[in-house]
Each structure stands twice: as structure tokens, then as C-alpha cells.
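**Student:** my questions concern the predicted model and sequence given below.
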Amino acid sequence: MRVVIKVGSSSLTTADGHLDPDRVGTVVDAVVAVRARGDEVVLVSSGAIAAGLGPLALPQRPRDLPTQQAAAAVGQRALIAHYSEAFAAAGLVVGQVLLTVDDVSRRSHYRNAHQTFAKLLELGVVPVVNENDTVATSEIRFGDNDRLAALVAHLVHADELILLSDVDGLYTGHPDLPDSRPIATVASEADLAGVDVARVGSAVGTGGMVTKIEAARIATAAGIPVRLTSAARAIEAVEGQPVGTRFAPTGKRRATRLLWLAHASETRGRLVLDAGARRALVERGASLLAAGVVAVEGEFSGGDPVDVVGPDGALVARGIVNYDSAELPAMLGRSTSDLAASMGADHERAVIHRDDLILMA
Ligand SMILES: Nc1ncnc2c1ncn2[C@@H]1O[C@H](COP(=O)(O)OP(=O)(O)O)[C@@H](O)[C@H]1O
Ligand SMILES: N[C@@H](CCC(=O)OP(=O)(O)O)C(=O)O
């Protein structure tokens with residue numbers, strides 16, 4: 001068994017921005033319990049920004065990105081120091097893994113990240129993952145760690161994802177409201193109809209329930225079951241007890257970077273297809289060739305995510321494009337052999353290879 005456990009800021013820190021040793025201890029105990037039975041575990045821990053508030057005498061979570069990044073630089077160090085010490089007491093070694101969006105969406109980075117995790121787990125290390133907050137800019141940030149955890153679960157081929165928060169599960173509405181009821185199981189999207197997750201979460205966390213549900217969708221669509229409960233019930237959760245909310249798997253494994261494309265990426269431009277190309281993509285799972293593209297919108301570089309739309313403008317797919325927006329217009333409507341003959345063999349490549357394309361229609 002390989003388990004990914006994600007713990008939110010609100011479950012690790014006090015309101016005044018210091019790490020709460022008891023709370024961190026509960027999470028550490030759960031990880032140690034998984035390891036003690038011989039299973040592997042990756043810990044995705046938020047809390048860098050929250051843990052930086054106290055040392056920097058910031059009264060609350062800053063709104064501007066540079067101050068958040070400064071707080072994360074200070075807080076991440078404290079967080080890892082704390083984990084290192086706590087896990088060392090149980091004889092376990094910690095490895096810090098800081099990821100950016102590119103690390104799970106670009107093929108070369110993705111492979112590196114996959115290999116790093118495989119080696120860390122083989123060596124018996126407990127990988128402690130967070131977003132690389134100090135370098136990520138606003139356009140390329142996850143912002144919350146819920147979706148990051150779902151993508152990490154996929155990246156390491158996890159058998160289960162456990163999301164630990166300050167609330168003991170998903171409720172039909174905000175848990176403070178008297179009519180809200182706990183939901184034990186989410187078997188499909190239909191079970192989420194009418195569930196109100198609109199109200200924001202804690203003062204230190206980001207995303208609230210919205211991003212947890214999005215994370216659950218990403219993981220379950222890839223065949224990974226998800227349990228959402230409070231950090232206080234972490235031990236019960238890792239023991240497989242029916243605490244909190246269980247999201248059942250709804251689909252099968254897919255390439256992680258394609259999941260990212262489908263669920264979260266901000267695309268940089270649009271390619272408009274003719275009807276034939278639309279059919280080729282949707283019905284035959286073909287690669288997108290220049291011959292079927294009628295227009296290019298936006299500015300992007302080769303390797304960027306783009307939307308692919310039909311003649312009516314409706315979204316058909318998302319993909320990682322192989323060419324810059326500046327070089328594509330001269331290629332449109334032309335056959336692969338014509339392009340190779342006039343522009344060189346390098347232009348024989350598809351505009352988007354089918355392995356880099358995910359259908360959205
Ligand atoms: N339907 C709901 N069920 C449970 N919690 C909800 C719901 N709607 C909003 N929330 C809020 O989401 C919060 C958890 O999100 P967040 O503060 O971002 O946590 P974390 O720091 O663990 O990621 C809960 O404390 C709760 O106030
Ligand atoms: N990477 C950020 C996580 C941001 C955050 O607050 O996430 P979460 O508590 O999981 O909603 C940090 O460590 O502060």
C-alpha cells in the first residue's frame with residue numbers, strides 16, 4: 001500500500017501563526033502508524049505561510065504574493081525542522097520536496113518528480129511535500145495544496161489519498177449552520193448535487209471545501225479513493241475506519257499531466273479546428289495536425305497548454321502545443337508532407353500529439 005496524506009494549514013498552526021506541536025504530533029503519529037505496518041507514505045503538508053506569520057510578527061495571512069512568499073520562506077524552514085525532529089524520534093528520515101505546477105504538467109519535469117519520489121520511497125524516506133511558494137508566481141501557482149496532493153497521489157501511484165482538515169468531513173452545507181448534515185460517502189457526482197461548499201474556510205487555509213472536492217474529483221477520476229476527515233482523526237483514517245467522508249473511485253488511471261490540464265491549468269491560447277479535425281480528435285483519438293486548424297488565438301510558446309475549440313467555439317480538448325503562436329499561422333491548413341518539404345523535417349510533428357491531448361467535450 002502507498003498512501004498520500006495531506007494536512008492543511010488550519011490543522012497545524014495556531015491562530016497567531018506558530019506551529020502547534022500537539023497538532024503536528026497527531027499527523028506525525030498517523031504517518032508513523034502507516035510506516036509501522038510496512039506501508040509507504042507521502043506527506044503533503046501545508047502550513048509554510050501560516051507558520052511564517054509568528055516569526056515575522058504578521059498579524060494575519062498576508063494578501064499580497066511577495067509577503068506570502070517571504071512568510072513561506074521563513075515558515076517552510078520551521079515546518080521541516082519540526083517534522084525532521086518529530087520523525088527522527090520514530091527513527092524516520094524526512095525529505096523535503098517542493099513542487100511547482102510545471103513539475104506535474106511538463107513532461108520532462110514530471111518524469112523527474114516521479115523518479116525522485118520512487119527513490120525516496122525506496123530509501124525509506126518520508127517525503128514531505130509542499131508547493132514551492134517562494135518561487136511560484138500568481139499565474140503558475142496551485143495556491144492550495146488539495147489539488148497538489150491529488151496530483152502527487154497520481155504521480156506516486158498511490159492506493160489512497162487522505163485529506164486532513166479542521167473539519168471532520170464534508171457536510172451538506174457549512175458545518176456551522178444548524179441544518180448541515182455530514183456526508184459519509186460520495187459515490188458519484190450526483191451525491192454532490194445540492195451540497196453547499198461556497199462559504200470560505202479557516203483564516204489560515206486557502207480554498208476551503210471547494211478545492212478539497214476538486215482534489216477528490218481529480219484523484220477518484222484516476223481510480224484513487226479519497227478520505228476526508230479532521231487531523232484529530234488521522235489515526236482512525238489511516239487504520240481504514242469509516243470516519244469522515246469517503247469519495248469512491250470513479251475512473252481509471254491517466255497521465256498525471258493530462259489530469260492537470262483537464263482540471264486546473266490556465267491555458268495560454270486557443271486553436272480553432274475545422275469540422276473534420278474535430279471529428280478526428282473526438283471519434284478517432286487522433287493527434288491534431290496543422291491541416292485541421294483554421295485559427296490561432298493568444299500568445300504561447302511550444303510546451304504551453306492551450307484550449308482546442310470546434311468551429312462553433314465550443315471547447316473540445318486541451319493539449320500541450322508543440323509550436324509557438326508566432327510560427328503556427330504559416331502552417332495552418334497545410335499537410336504534414338508539404339510542411340516538411342517547405343519548412344524542414346522538424347515541422348512534420350503534429351501541432352498537438354495525441355498523448356498530450358485530453359478531450360473535454
Ligand atoms: N459543506 C462544507 N462541509 C465542510 N466544510 C465546509 C463546507 N463548506 C465550507 N467548509 C469550510 O471549509 C473549511 C476547510 O477548508 P480550509 O480552511 O481551506 O482547510 P485546510 O487548511 O485544511 O485546507 C472548513 O473548516 C469549513 O469551515
Ligand atoms: N503552500 C501553502 C499552502 C497554502 C494553504 O493554505 O493550503 P491549505 O491549508 O491546504 O488550504 C503553505 O504551505 O502555506
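**Tutor:** Cool, the structure landed. Ligands and ions are numbered 1, 2, ... in the order given.

**Student:** tell me where the model's unsure across the stretch 251-361 of the chain.
**Tutor:** For the stretch 251-361 of the chain, the stretches with pLDDT under 70 are 256, 263-265.

**Student:** quick one, helices of it?
**Tutor:** 256-263, 275-284, 336-343 (DSSP state H, counting those that start in this stretch).

**Student:** just those: most buried one?
**Tutor:** helix 256-263 (a mean of 22; mean count of other Cβ atoms under 10 Å). Yep, even glycine has a C-beta here, placed from its N, CA and C like the rest.

**Student:** what about the helix of greatest length in the chain, near ligand 1?
**Tutor:** The longest helix of the chain (DSSP state H) is helix 65-88. No - Helix 65-88 is not in contact with ligand 1 by Cβ under 6 Å from any ligand atom; minimum separation 13.6 Å.

**Student:** now that helix, how far from the centre of its chain.
**Tutor:** 20 Å (Cα atoms, centre = their mean, to the nearest Å).

**Student:** what packs against the helix or strand immediately after it in the chain?
**Tutor:** Sequence-wise, the next helix or strand downstream of helix 65-88 (DSSP states H and E) is strand 94-99. Strand 94-99 sits against helix 65-88, helix 107-122, strand 126-131, with contacts defined as 3 or more Cβ pairs under 8 Å, 6 or more residues apart in numbering; DSSP states H and E.

**Student:** kindly recompute the last result at 10 Å.
**Tutor:** strand 40-45, helix 65-88, helix 107-122, strand 126-131, helix 146-155 (3 or more Cβ pairs under 10 Å, 6 or more residues apart in numbering; DSSP states H and E).

**Student:** which outside residues touch the helix or strand just after that strand?
**Tutor:** Using DSSP H and E, the next helix or strand after strand 94-99 towards the C-terminus is helix 101-105. Identification of contacts with helix 101-105 by Cβ atoms under 10 Å, 6 or more residues apart in numbering yields 97, 108-110, 112-114, 116, 131-132, 136-137, 139-143, 147-148, 150-152, 154-155, 256-261, 264-266, 303-305, 320.

**Student:** can you put the helices of the stretch 251-361 of the chain in TSV and add distance to ligand 2?
**Tutor:** Shown next, in TSV, are the helices of the stretch 251-361 of the chain (distance: least, Cβ to the nearest ligand atom, whole Å):
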stretch	distance to ligand 2
helix 256-263	16
helix 275-284	35
helix 336-343	43
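
**Student:** may I ask you to confirm that D159 is in contact with D39?
**Tutor:** Yes - using Cβ atoms under 10 Å, D159 is in contact with D39, at 8.6 Å.

**Student:** mutual contacts of the two, please.
**Tutor:** Common neighbours of D159 and D39 (Cβ under 10 Å, 6+ apart) are 1-3.

**Student:** get me the contact residues on the stretch 1-150 of the chain for ligand 1.
**Tutor:** 8-11.

**Student:** V152 contacts A113, doesn't it?
**Tutor:** Yes - with contact defined as Cβ under 10 Å, V152 and A113 form a contacting pair (8.5 Å).

**Student:** list residues touching both of the two?
**Tutor:** Common neighbours of V152 and A113 (Cβ under 10 Å, 6+ apart) are 97, 99, 103-104, 129, 256.

**Student:** least confident pick among those residues?
**Tutor:** Note: of the shared contacts of V152 and A113, the lowest pLDDT belongs to T256, at 69.

**Student:** next, the buried residues of the longest helix of the chain.
**Tutor:** 68-76, 78-80, 82-84, 86-87 (16 or more other Cβ atoms under 10 Å).

**Student:** and stretch 234-245, by the same measure?
**Tutor:** 234-238, 243-245.

**Student:** got it, and stretch 344-361?
**Tutor:** Buried residues in stretch 344-361 (16+ other Cβ under 10 Å): 347, 349-352, 354, 356-359.

**Student:** so how far is V128 from whichever residue of the stretch 1-150 of the chain sits closest to ligand 1?
**Tutor:** Closest to ligand 1 within the stretch 1-150 of the chain is G8: 2.0 Å, counting by Cβ to the nearest ligand atom. The gap separating G8 from V128 is 14 Å, by Cβ to Cβ, to the nearest Å.

**Student:** who has more neighbours out of these two?
**Tutor:** A direct count of neighbours by other Cβ atoms under 10 Å for G8 and V128 places G8 higher, at 32 against 21.

**Student:** show me where the stretch 151-300 of the chain has its strands.
**Tutor:** All strands of the stretch 151-300 of the chain, identified by DSSP state E, counting those that start in this stretch, fall at 160-165, 185-186, 226-230, 245-247, 269-273, 293-298.

**Student:** fine by me, thanks again.
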